[in-house]
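Student: Sequence and predicted structure, then a few things I'm wondering about:
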Number of protein chains: 2
Amino acid sequence: MLKYQRIAEELRSAIEAGEYGPGDRLPGENDLMALHGVARMTVRQALSVLRSEGIVEARKGAGVFVRAFRPLRRRGIQRLASERWAAGRSVWSADVDDRRELVVDGVQVAREPVPERIAAVLGVEPGAPVWVRRRRYLLDGKPVMSAASHFPADLVADTPVVSPDPGPGGVYARLAEAGHAPVRFREEIRTRMPSAGETDELRLPSGTPVILITRTAFTADSTVAEVNDMVLDAASYILEYEFDA
Amino acid sequence: MLKYQRIAEELRSAIEAGEYGPGDRLPGENDLMALHGVARMTVRQALSVLRSEGIVEARKGAGVFVRAFRPLRRRGIQRLASERWAAGRSVWSADVDDRRELVVDGVQVAREPVPERIAAVLGVEPGAPVWVRRRRYLLDGKPVMSAASHFPADLVADTPVVSPDPGPGGVYARLAEAGHAPVRFREEIRTRMPSAGETDELRLPSGTPVILITRTAFTADSTVAEVNDMVLDAASYILEYEFDA
DNA sequence: TAGTGGTCTAGACCACGTC
DNA sequence: ACGTGGTCTAGACCACTAC
């Protein structure tokens, strides 16, 4: 067993045994060097193992801390039921219980040329104009997701879909009123390590992956009304899909 | 901009520009040291950024290589349709096209005490006996998933469900014949960095996350017939769920 | 201001792959 | 045999946090 793995293993079992609880500070790099009689790079490598497992989180100038893990349960199918938004409730309100606070942040709506990746799904020409609604979701003050919804420009022009606050039931209720009610959704899920920009926007501690969800909303005549590109902090979410055999 | 970020950025854009294609070898650590006039630890940190983004993969003694990314598309709902397994087709055969080869590996069936985490979902007492079917799936020779299905012992005793090869339609077809046809499924998705054991079993290059899927199969009387714990190589999969509003 | 983690240097030995 | 990446040492300066 290599030195850095031994040190990582020792800290990991101490955490699992409850010697360090969520939010507790671990021994610092200097402590660990003295304790194990190794060079600083070696303890740093040990800590980097734990960071990359998402178990601990380093805060510059402060120390290394045990991470708390209380994910949101995102019920993929129920949350998008038409009865919900027809009744004026937002999609994301289904994800939280009453004791936690989910707020939406930095809403921006803009008319832009369609990104290449989206054009194919949306079924429009590359460079065609689309309306893009960007926003970020914070749970108890911590960013957990950022999202960018893309709508074909001719579908939503002069509708409340492109207003910063679309009102009760959100954009799906407004699309329905405009005669473009979504009747079917497809969610595509990928996961990978975040880019620098994503780390920044979601304030991710290094070592947590992100989940990428691309949701496509289809109307009754099978046209695409929305392509929503989401980036989720993987540690903050459990995704759930329930369906018949 | 920090040195290691500059070097990482330069390599990343070279890869995106196609100067290095999938499988190509990047300049080695010694080359990069000479090229940028920095210490070895600095180029290593640059490369570790790219590794943690899953863009490149280091092979000891050989070099650093651009990773190929050709994920499987796993259609979560269609693949579990009862018509499929009733017609004698396996669930996983829905995931691959004809040009790629998916093989099942290391099938083990054993009667064991139920793990604590599973007991709660399965609705049995802690320590009660369950039948566990473990196996691994390889795509074109590379492990992409390992899975462990848990069945309540009294439900499957003396049925082909516990035989190494359950036959056409797989265990769901056999459960159906035994009067325990699954009628509803729930899939729970988490994602995190792999443990050492998972890295080993799936032969993961460092820097790729794993996707954990826990599937629960319910019968018509709402009892749980199976809890399937899966570990997927995140880089090998795109998950897809399609459903009505 | 003292201590923390983040970055960086300049060496070293090793196991492993390729040739 | 040689070059590769993996591990490790022993220093250094910096920006940031907490007090």
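Tutor: Done, it's in.
Student: going forward, measure contacts between C-alpha atoms and count neighbours the same way
Tutor: Fine.
Student: The least confident helix or strand in chain A by mean pLDDT and DNA strand D in contact?
Tutor: One helix or strand of chain A scores below all others by mean pLDDT, DSSP states H and E: helix A:196-201, with a mean of 81. No: Helix A:196-201 does not reach DNA strand D (CA under 7 Å from any atom of the strand); its nearest approach is 13.7 Å.
Student: just how off-centre is that helix within its chain?
Tutor: Here helix A:196-201 is found 12 Å from its chain centre; the criterion is CA atoms, centre = their mean, to the nearest Å.
Student: got it, and stretch A:76-85?
Tutor: Relative to its chain's centre, stretch A:76-85 lies at 19 Å (CA atoms, centre = their mean).
Student: Other residues contacting that stretch?
Tutor: A:90-92, A:94-95, A:168-170, A:172-173, A:183, A:239-242, B:243-245 (CA atoms under 8 Å, 6 or more residues apart in numbering or on different chains).
Student: domains of chain A?
Tutor: A:3-66, A:72-240 (automatic domain parsing).
Student: could you dump those domains to TSV with distance to DNA strand C and mean neighbour count?
Tutor: Output for these, formatted as TSV (distance: least, CA to the nearest atom of the strand, whole Å; neighbours: other CA atoms under 10 Å in any protein chain shown):
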stretch	distance to DNA strand C	mean neighbour count
domain A:3-66	3	16
domain A:72-240	8	18
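Student: residues in contact with residue A:129?
Tutor: A:111-114, A:152-153.
Student: next one: residue A:29
Tutor: Going by CA under 8 Å, 6+ apart, residue A:29 touches A:40, A:43-44.
Student: Please report the distance of the residue located most distally from the centre of chain A from residue A:31.
Tutor: Centroid-distance maximum for chain A: residue A:37 at 40.4 Å, with CA atoms, centre = their mean. Separation of residue A:37 from residue A:31 (CA to CA, to the nearest Å): 10 Å.
Student: got it, and residue A:221?
Tutor: Residue A:221 sits 65 Å away from residue A:31, going by CA to CA.
Student: Ok, residue A:212 next?
Tutor: Residue A:212 sits at a distance of 39 Å from residue A:31 (criterion: CA to CA).
Student: same deal with residue A:121?
Tutor: According to CA to CA, residue A:121 and residue A:31 sit 54 Å apart.
Student: returning to what we had before: filter the contacts of residue A:29 down to the ones near DNA strand D?
Tutor: Of the residues in these, proximity to DNA strand D by CA under 7 Å from any atom of the strand holds for residue A:40.
Student: out of the contacts of residue A:29, which are inside helices?
Tutor: Residues of those located in helices (DSSP state H): A:40, A:43-44.
Student: circling back: run the chain-centre distance for the very next helix or strand once past the least confident helix or strand of chain A.
Tutor: Where DSSP states H and E defines the elements, the next helix or strand beyond helix A:196-201 is strand A:210-219. Using CA atoms, centre = their mean, the mean C-alpha position of strand A:210-219 is found 12 Å from that of the whole chain.
Student: One more: stretch A:67-77?
Tutor: The chain centroid and the centroid of stretch A:67-77 are separated by 10 Å under CA atoms, centre = their mean.
Student: out of the ones in helices among the contacts of residue A:29, who's nearest DNA strand D?
Tutor: Nearest to DNA strand D among those, counting by CA to the nearest atom of the strand, is residue A:40 at 6.0 Å.
Student: correct me, but that closest one touches residue A:30?
Tutor: Yes: using CA atoms under 8 Å, residue A:40 is in contact with residue A:30, at 7.4 Å.
Student: Sketch out the low-pLDDT regions of chain A for me.
Tutor: A:206 (pLDDT under 70).
Student: So which residues of it form helices?
Tutor: A:3-16, A:29-36, A:40-52, A:82-86, A:116-122, A:153-156, A:170-177, A:196-201.
Student: Just the CA trace of the second one, in PDB.
Tutor: Coordinates of each C-alpha in helix A:29-36 appear next as PDB, following Å, rounded to 0.1, in the frame of the first residue of the first chain:
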ATOM      1  CA  GLU A  29      -1.500  19.500   5.900                       C
ATOM      2  CA  ASN A  30       1.100  20.400   8.400                       C
ATOM      3  CA  ASP A  31      -0.400  18.200  11.100                       C
ATOM      4  CA  LEU A  32      -0.500  15.200   8.700                       C
ATOM      5  CA  MET A  33       3.100  15.800   7.600                       C
ATOM      6  CA  ALA A  34       4.300  15.700  11.200                       C
ATOM      7  CA  LEU A  35       1.900  12.800  12.100                       C
ATOM      8  CA  HIS A  36       3.000  10.500   9.300                       C
END
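Student: if I pick the nearest residue to residue A:95 once chain neighbours are set aside, what's in contact with it?
Tutor: Nearest residue to residue A:95 in three dimensions, chain neighbours excluded: residue A:74, at 5.2 Å (CA to CA, 6 or more residues apart in numbering or on different chains). By CA under 8 Å, 6+ apart, the residues touching residue A:74 are A:94-95, A:237-240.
Student: Include distance to DNA strand D when you put those residues into JSON lines, please.
Tutor: Shown next, in JSON lines, are the contacts of residue A:74 (distance: CA to the nearest atom of the strand, whole Å):
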{"residue": "A:94", "distance to DNA strand D": "33"}
{"residue": "A:95", "distance to DNA strand D": "30"}
{"residue": "A:237", "distance to DNA strand D": "26"}
{"residue": "A:238", "distance to DNA strand D": "29"}
{"residue": "A:239", "distance to DNA strand D": "32"}
{"residue": "A:240", "distance to DNA strand D": "35"}
